[in-house]
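okay, here's the prediction I keep looking at, along with the sequence it came from:
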Amino acid sequence: MIHWIRGAQATFGFELRRSLTWNRFLVAVGLALFPPVMLNVVVRTAFVSNSVIAAGVSEYSVFAIIFLVALVCVLSLLLWATPNVQSELEGKTWSFIAVRPGARIASYLGKYFLAVGISLAVSCTALAGCILVANSYQGLENPLKTLGQLSLIYAMACFVYAAIFSLLGTIFIKRAMVVAAGFMIGVETFLSLVPAVVSKVTMSYHLRSIGLEWIGNFLPETSLPEYEMAYGEPWPVWMHMTCIAIMTILALAIGMIVITQRQYVTSDQT
Amino acid sequence: MIELNGVSKLYKTVIGVNDISLSLGAGVYGLLGPNGSGKTTLINLILGQIKPTLGTVRLFGKNPWRRSYLLRRVGLCPALEFSYPRISSLQWVTYLVQMHGFTQHDAKQKAIDALKLVRLDHVMHQPMTEYSLGMRQRAKIAQAVAHDPELLILDEPFNGLDPVGRFEMTALLRQWAAEGKSLILASHILHEVEAVDPSFLLIYGGRLMASGSPAEMRRILANSPNTLSIRTDDPSRLAAYLTQDAAIKNLKFIGGDAIEIETLSASSVLEKLPAAAAEAGIVIKEVTSSDESLKSLFSTLMKIHRGEIETRISV
């Protein structure tokens, strides 16, 4: 266990040092600035062109914030969590790491926490920017509280989706990012919107439900009674959190089993 | 230390190693084989990185698959070339030593010691992308020895080294062996491995073709079918003298001062040369073997293995 912790710490530090380049920094800044800039453009255009549309934009601003930041959060996780094994195999560094006691798991955990850390930092920065923009136009009721609540929801999203993407990265080496993107579209978007019990297995359902509980209704064109009719009686927040925590631990545990069981060999090692 | 019993490894329909059985105690071993012969697969099997399709592998008495704690006692220098932009050798080696469970402080000290050992300490803060191939090779050795393993496995460690680098590497490996530590040196070049004076393991086509001490290997080489070129002042008389030996399969005159002999046993021909010089007064100017390459030896061993040619040696 101590090997895993020290190894994960070492991997976190090493990978962070590797990532401190202007290129990666600019990508992170670009991702963090994209949602507030987009929100600003949309709201400003609406306000300038039509006051009726402006009222609509104001109404949907929280949804727009959540949608734009979620996009950036998922993109960041795809970039950081998914290629956990692929990057080592392609960089031909896997053989140097894997021949250390417990290093497969240590490397897996280290990269997982780095993906969570960076994606959360990007998401929270984007979130803060969006709330500043929204607040400057319409004056949110309690912007700091909204920021805190949404940050917590994004923290949970980062932990669970990073775990799922990391797991996919250990299974699908060459097409991990494509599979993970497909998973997000197919399962976490479409399946989570199916008004049936099956939607409850998706993490976006639980995250959405926590959001509805904390922030109130942010879903456009839908009232809460309608939502409850479609998806059933709401669960208490702690139950949604438990589901997210179980999925995070399960995905991490399966990923750890897969990474220790699989025979990863780089193409020129025969 | 290492034991393999009937080990085969298949990559789908491609055979990595084929029915290898061997038992290695502590010591220095040269794993010799042409490129693609299965050396790296064998190393990966020994280290539990891949699972044998058939047979059993034991490292320090235990199955290495899923027992990664055994790797604490092993250092590996793979043949792979890699590049970490902006990362210095000190940062890289420290990181890899930390993966053994050492604290950052201890890992850094061990990394510095290892980099001093391979004489890279003067550039250890520079990015590895600025290193020459030989310097990167030495950094790879440093990460393998930094945690002070009992067994060091080096896969093609002489790749990319200039003559000075090769000499230094050989000295380093000799020093390692002199300290009583175990070493497995995988290479496709005979003389590089020979310099460390190891016991040999000859692998070809995924099969272990022969194993033994340097003397035994020399005997195998000498007693294997071979082609010798001999420059002399009197080729006709030398040919007549040597053809009394039944081991000669074929004899050709090359130019005016040399003969080429195809023989089943080079040693039986070589043994006759001093007598030819002493008794018949023939001047022997030069003896070369055109079949000295490792590939030719392996080809011969493969033929012996298949029973295509007879030999008086056992492999």
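Nice, thanks for sending it over.

I'd assumed residue A:257 was in contact with residue A:108.
No. Here residue A:108 does not reach residue A:257: they are 10.5 Å apart, not a contact under C-beta atoms under 8 Å. C-beta: built from backbone N, CA, C; applies to glycine.

between the two, tell me which one has more neighbours.
Here residue A:108 and residue A:257 are compared on neighbour count by other C-beta atoms under 10 Å in any protein chain shown; more neighbours surround residue A:108, at 25 against 13.

tell me who's in contact with that one.
By C-beta atoms under 8 Å, 6 or more residues apart in numbering or on different chains, residue A:108 lies in contact with A:84, A:166, A:170, A:255-256, A:259.

per-residue pLDDT of residue 212, please?
This is for chain A. According to the per-residue confidence, residue A:212 scores 83 in pLDDT.

wrong one, chain B
The predicted local confidence for residue B:212 is 78.

now name the helix or strand holding residue B:20.
With the criterion set as DSSP states H and E, the secondary-structure element containing residue B:20 is strand B:14-24.

does chain A sit close to that strand?
Yes. Judged by C-beta under 8 Å from any C-beta of the partner chain, strand B:14-24 comes into contact with chain A through B:14, B:16.

burial count for the closest residue to residue A:156 other than its chain neighbours?
Excluding its sequence neighbours, the residue lying closest to residue A:156 (C-beta to C-beta, 6 or more residues apart in numbering or on different chains) is residue A:244, at 5.2 Å. Around residue A:244 there are 21 other residues, counting by other C-beta under 10 Å.

ok so, going back, packing partners for the following helix or strand past the strand holding residue B:20?
The first helix or strand that comes after strand B:14-24 along the chain, using DSSP H and E, is strand B:28-32. In terms of contacts (3 or more C-beta pairs under 8 Å, 6 or more residues apart in numbering or on different chains; DSSP states H and E), strand B:28-32 is packed against helix B:39-46, strand B:182-187, helix B:190-194, strand B:199-204.

hmm, who's touching strand B:28-32?
B:39, B:42-43, B:177, B:182-188, B:190, B:193-194, B:196-203, B:294.

tally of neighbours for whichever residue of the stretch 101-250 of chain B sits closest to chain A?
Nearest to chain A, among the residues of the stretch 101-250 of chain B, is residue B:101, at 4.2 Å (C-beta to the nearest C-beta). Number of residues near residue B:101 (other C-beta under 10 Å) recorded here: 24.

for it, give me its contacts.
For residue B:101, the set of contacting residues under the criterion of C-beta under 8 Å, 6+ apart consists of A:2-3, A:6-7, A:101-102, B:72.

go with 7 Å
Residue B:101 makes contacts with A:2-3, A:6, A:101, as judged by C-beta atoms under 7 Å, 6 or more residues apart in numbering or on different chains.

buried subset of these?
Under a neighbour-count criterion of 16 or more other C-beta atoms under 10 Å in any protein chain shown, the subset of these counted as buried comprises A:3, A:6, A:101.

considering only those, which also neighbour chain B?
Among the buried ones among the contacts of residue B:101, the residues within reach of chain B (C-beta under 7 Å from any C-beta of the partner chain) are A:3, A:6, A:101.

circling back to that earlier point, so the residue nearest to residue A:156: helix, strand or coil?
Assigned with DSSP: H, G, I helix; E, B strand; the rest coil, residue A:244 falls in the helix class.

spit out the contact partners of it.
Going by C-beta under 7 Å, 6+ apart, the list of residues near residue A:244 reads A:156, A:160, A:203, A:206.

which ones among those map onto strands?
Secondary structure assignment by DSSP state E places none of the contacts of residue A:244 in strands.

nearest to chain B among those?
For the contacts of residue A:244, the nearest to chain B is residue A:160 (26.8 Å; C-beta to the nearest C-beta).

contacting residues around that closest one?
Neighbour list for residue A:160: A:203, A:244, A:247-248 [criterion: C-beta under 7 Å, 6+ apart].

can I get the residues you listed in TSV with pLDDT?
Compiled in TSV, those are given as follows (pLDDT from 0 to 100):
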residue	pLDDT
A:203	91
A:244	94
A:247	94
A:248	95
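
ok, so of those, who is nearest chain B?
Using C-beta to the nearest C-beta, these come closest to chain B at residue A:248, 24.2 Å.

my read is that that closest one contacts residue A:159, right?
Yes. At 5.1 Å, residue A:248 and residue A:159 qualify as touching, with contact defined as C-beta atoms under 7 Å.

what subset of the contacts of strand B:28-32 is buried?
Buried members of those, counted by 16+ other C-beta under 10 Å: B:39, B:42-43, B:177, B:182-188, B:190, B:193-194, B:196, B:198-203, B:294.

not counting sequence-adjacent ones, nearest residue to the closest residue to chain B within chain A?
Nearest residue of chain A to chain B, counting by C-beta to the nearest C-beta: residue A:10, 3.5 Å away. Take residue A:10 and drop its neighbours on the chain: the residue closest to it by C-beta to C-beta, 6+ apart is residue B:98, 3.5 Å away.

chain B contacts on the stretch 101-250 of chain A?
Along the stretch 101-250 of chain A, the residues adjacent to chain B under the rule C-beta under 7 Å from any C-beta are A:101-103, A:106.

tell me which two in these are the farthest apart.
With distances taken as C-beta to C-beta, the most widely separated pair in these is A:101 and A:106, at 9.0 Å.

hey, what's in contact with both of the two?
Listed as contacting both residue A:101 and residue A:106 by C-beta under 7 Å, 6+ apart are residue A:3.

what's the least confident stretch among the helices and strands packed on strand B:28-32?
When I compare the helices and strands packed on strand B:28-32, helix B:190-194 is least confident, with a mean of 73.

mind listing what's buried in the strand holding residue B:20?
B:15-18, B:20, B:24.

show me where the stretch 51-200 of chain A has its helices.
For the stretch 51-200 of chain A, helices defined by DSSP state H, counting those that start in this stretch occupy the ranges A:51-80, A:86-90, A:94-98, A:103-138, A:143-171, A:176-185, A:192-193.

just put those in JSON lines and tack on mean pLDDT.
Written out in JSON lines, the entries for those read as follows (pLDDT from 0 to 100):
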{"stretch": "helix A:51-80", "mean pLDDT": "77"}
{"stretch": "helix A:86-90", "mean pLDDT": "84"}
{"stretch": "helix A:94-98", "mean pLDDT": "88"}
{"stretch": "helix A:103-138", "mean pLDDT": "89"}
{"stretch": "helix A:143-171", "mean pLDDT": "92"}
{"stretch": "helix A:176-185", "mean pLDDT": "91"}
{"stretch": "helix A:192-193", "mean pLDDT": "82"}
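
turn those into JSON lines, including distance to residue B:210.
Listed next are the helices of the stretch 51-200 of chain A as JSON lines, based on distance: least, C-beta to C-beta, whole Å:
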{"stretch": "helix A:51-80", "distance to residue B:210": "50"}
{"stretch": "helix A:86-90", "distance to residue B:210": "34"}
{"stretch": "helix A:94-98", "distance to residue B:210": "27"}
{"stretch": "helix A:103-138", "distance to residue B:210": "35"}
{"stretch": "helix A:143-171", "distance to residue B:210": "40"}
{"stretch": "helix A:176-185", "distance to residue B:210": "44"}
{"stretch": "helix A:192-193", "distance to residue B:210": "63"}
